[in-house]
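>>> Next come a sequence and a model predicted from it.
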Amino acid sequence: MDLSVITDAGVIGLRVLMPFFAIIIVYQCYAAMRRRRRPEKPLVSLYNPNSGGMIPVVFWENSIGRSKSSDIVINDLSVSRNHCVLLRRKAGWFVSDVGSVTGTYVNGVRIHGRAQVLIDDIITVGSTEYQLKRGDDFNSPLRSSKFFSKVSDKPAIQAWKLMFMITLFHLFMAVEAMFWNEGKNVYSPLILFGALAVVEWGFFSVSYFALRRVNFELEALGLFLTGIGVFMLVRQVERSAYTQLIAAGLGIVLYCVIVKFIEDPDKVQKIRIPMMIVSVVLLASSILLGGVINGAANWVTFGSISFQPSELVKTIFIFVGASPLDKLQTKRNLIEFIIYSAVCVALLALMSDFGTALIFFVTFLLVVFMRSGDIKTILLPVAAVVGAFFSMRFLASIIPAIQNRFNYVLARFGTYRHVWDDPQGGGWQQAQALTYIASGGLFGVGIGNGYFKTIPESESDCVFALISEEMGIILAIVIALAVALLIVYARAITTRSRSTFYSITACCAAGLLLVQLSLNVFGCTDILPFTGVTFPFISAGGSSMISCWGLLAFIKAADERTYSIKR
């Protein structure tokens, strides 16, 4: 039999195999995230000597007050809606008054700020007293559906096996990329695979042997997605593939730095103001120094190096929005964050980077909702943005500079749901994307063999179409789900997080990635207006890659196993 026939059959077999192999990898990553967790039992309990009742304390930080959104609700009119916070730190348990009217007392002494409480100490909240008891003193069963997300008792896949599967998948991509229709630089994908394997296994070795962490599934998922993004560039501009890999290495370094840096949420609280200033300066630099690319002045260039400051500010924005619970419930903290958010969104609007501005605004709504637990609190910010939009429209009618940028945005929205009305004009890019998504079929035409790669921004703003054409719609959907399910995982671990700082940062980081994913995929396919944002971990762009790994660090830190369990 002709060798070329055997080779072609083998490559086609790889195309069919890889989507299902990807499903197994993503499943194993998320299945492992639900395992190896502590038993479901109270950390401590609060005993009411007057009623004889006992309340289990299951969180590291617990709000106490009359509000129904409090973790421990006290039906006592002398208790403020948000009265105090009971929290655990390395040094023990503490209680902190958050501006209550009647004050909080420990053993009869009114506290100011945080005060440590020991077992059998009496905490007085309004006219109600509680005695701190050990968690083992609470004998009734917990209602798991309320306090804990369901986890599996099955053993998790070993980290090295998961890494081996991911490395094998990337090897399959390299082999497939070798057999493309132009036949140039046939072995270059294998060289790229070797460099990628060094980065992946180097990161794994540091985590497993140096840091002795027991769980590596979140990092494995990030590496899996990163490798796919790198190999999608190998047959376009090979240099860009190595640039993307270098950016991934820098992102991994940032990931490790953030995970270590935010280990103590009380210490990081002290640098919120400096971080606000740094992020505002970064965004302002885009306006003062940035060049206009695709209608938005969001790129800063130094020689041959260019980056997007707004991508780096995403990490800082979430960092600033979160705080430990006793700091979170102060009015000063909330006012600072609202002002800071308004400045960031306004600067992004001035750049005409409305896609990123939308991502920041939705993230702001997530932070506000998680701080209050009341969906009504997001109505005022939404009304403010609607008002700002009409104000900008009015200014655009009288100021030419604003009018030009505003008209560019309106032109983007003008093609929404009408790309086939003008497929050679305003709807050209999305019409091409839809055409090549369909031409890829279930299993794709092979890495490098597609034609969508010749379309501008195919490797960034419309990378979903590129993956669909070359690797098939099944794999494209699996990759999208791999990112989208991060919000489910982040929500599941918030009840076990050591601080609301971690809970908020994890959910908002995952939410930001989900919004960014949705704008990219649905914008490319004309389900949503085309905003030109990147596909997390997959789209070409060093700034975006570094930012995605920084956001992933917040999700990692929220997992209680990260700091408490070593191999």
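Sure, I can see it.

>>> residue boundaries of the helices in the stretch 401-550 of the chain?
428-440, 463-471, 473-484, 486-493, 500-524, 542-558 (DSSP state H, counting those that start in this stretch).

>>> which of these is buried the deepest?
helix 463-471 (a mean of 28; mean count of other Cβ atoms under 10 Å). Bear in mind the C-beta positions are built from the backbone N, C-alpha and C, glycine included.

>>> neighbouring contacts of that one?
15, 18-19, 228-229, 232, 432-434, 436-437, 439-440, 443-453, 458-459, 475-476, 479-480, 520-521, 524-525, 534-535, 538-540 (Cβ atoms under 8 Å, 6 or more residues apart in numbering).

>>> what angle separates it from helix 473-484?
Between helix 463-471 and helix 473-484, the angle comes out at 140 degrees (axes from the mean of the first three to the mean of the last three Cα atoms, to 10 degrees).

>>> then helix 463-471 to CSV, C-alphas only?
Provided in CSV are the C-alpha atoms of helix 463-471 (Å, rounded to 0.1, in the frame of the first residue of the first chain):
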residue,chain,number,x,y,z
VAL,A,463,-9.9,32.6,16.7
PHE,A,464,-13.0,30.5,17.4
ALA,A,465,-13.7,30.4,13.7
LEU,A,466,-10.0,29.4,13.0
ILE,A,467,-10.2,26.5,15.5
SER,A,468,-13.6,25.4,14.1
GLU,A,469,-12.3,25.3,10.5
GLU,A,470,-8.9,23.6,11.2
MET,A,471,-9.8,21.4,14.2
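
>>> What is the distance between that helix and the centre of its chain?
23 Å (Cα atoms, centre = their mean, to the nearest Å).

>>> Which pLDDT value goes with the nearest residue to residue 421 once chain neighbours are set aside?
Leaving aside its chain neighbours, residue 421 sits nearest to residue 427 (6.6 Å; criterion: Cβ to Cβ, 6 or more residues apart in numbering). With respect to pLDDT, residue 427 scores 75.

>>> Offset the numbering so it begins at 28, please.
Sure, I'll start numbering at 28, so the last one becomes residue 454.

>>> Test my guess that residue 101 contacts residue 92.
Yes: using Cβ atoms under 8 Å, residue 101 is in contact with residue 92, at 6.8 Å.

>>> shared neighbours, the two?
What both residue 101 and residue 92 touch, as defined by Cβ under 8 Å, 6+ apart, is the set residue 110.

>>> Which one's more surrounded, those two?
Ranked by neighbour count (other Cβ atoms under 10 Å), residue 101 and residue 92 place residue 92 first, with 24 against 21.

>>> ok, now how distant is that one from residue 112?
For residue 92, the distance to residue 112 equals 9 Å [Cβ to Cβ, to the nearest Å].

>>> Also residue 541?
29 Å.

>>> now do residue 517
22 Å.

>>> for residue 549, same thing?
Counting by Cβ to Cβ - residue 549 and residue 112 are separated by 40 Å.

>>> Check residue 514 too.
26 Å.

>>> same deal with residue 197?
With Cβ to Cβ as the criterion, residue 197 and residue 112 are 46 Å apart.

>>> Looking at those two, which is more packed in?
residue 112 (27 against 22).

>>> now that one: how far from residue 125?
Distance from residue 112 to residue 125, by Cβ to Cβ: 6 Å.

>>> can you check residue 503 too?
Distance of residue 503 to residue 125, computed by Cβ to Cβ: 47 Å.

>>> Ok, residue 38 next?
63 Å.

>>> Neighbour count: the two, which is higher?
Set residue 38 next to residue 125 and count neighbours by other Cβ under 10 Å: residue 125 wins out with 20 against 17.

>>> for the one helix or strand residue 389 maps to, packing partners?
Using DSSP states H and E, residue 389 sits in helix 381-399. For helix 381-399, the elements it packs on are helix 336-348, helix 358-377, helix 406-423, helix 527-551, judged by 3 or more Cβ pairs under 8 Å, 6 or more residues apart in numbering; DSSP states H and E.

>>> would you put the C-alpha positions of stretch 195-205 in PDB?
Provided in PDB are the C-alpha atoms of stretch 195-205 (Å, rounded to 0.1, in the frame of the first residue of the first chain):
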ATOM      1  CA  LEU A 195       0.300  13.700  24.300                       C
ATOM      2  CA  PHE A 196      -2.500  15.900  23.000                       C
ATOM      3  CA  HIS A 197      -0.100  18.600  22.100                       C
ATOM      4  CA  LEU A 198       2.100  16.100  20.400                       C
ATOM      5  CA  PHE A 199      -0.800  15.000  18.300                       C
ATOM      6  CA  MET A 200      -1.300  18.700  17.300                       C
ATOM      7  CA  ALA A 201       2.400  18.900  16.300                       C
ATOM      8  CA  VAL A 202       2.100  15.800  14.200                       C
ATOM      9  CA  GLU A 203      -1.000  17.000  12.500                       C
ATOM     10  CA  ALA A 204       0.600  20.400  11.800                       C
ATOM     11  CA  MET A 205       3.500  18.600  10.100                       C
END
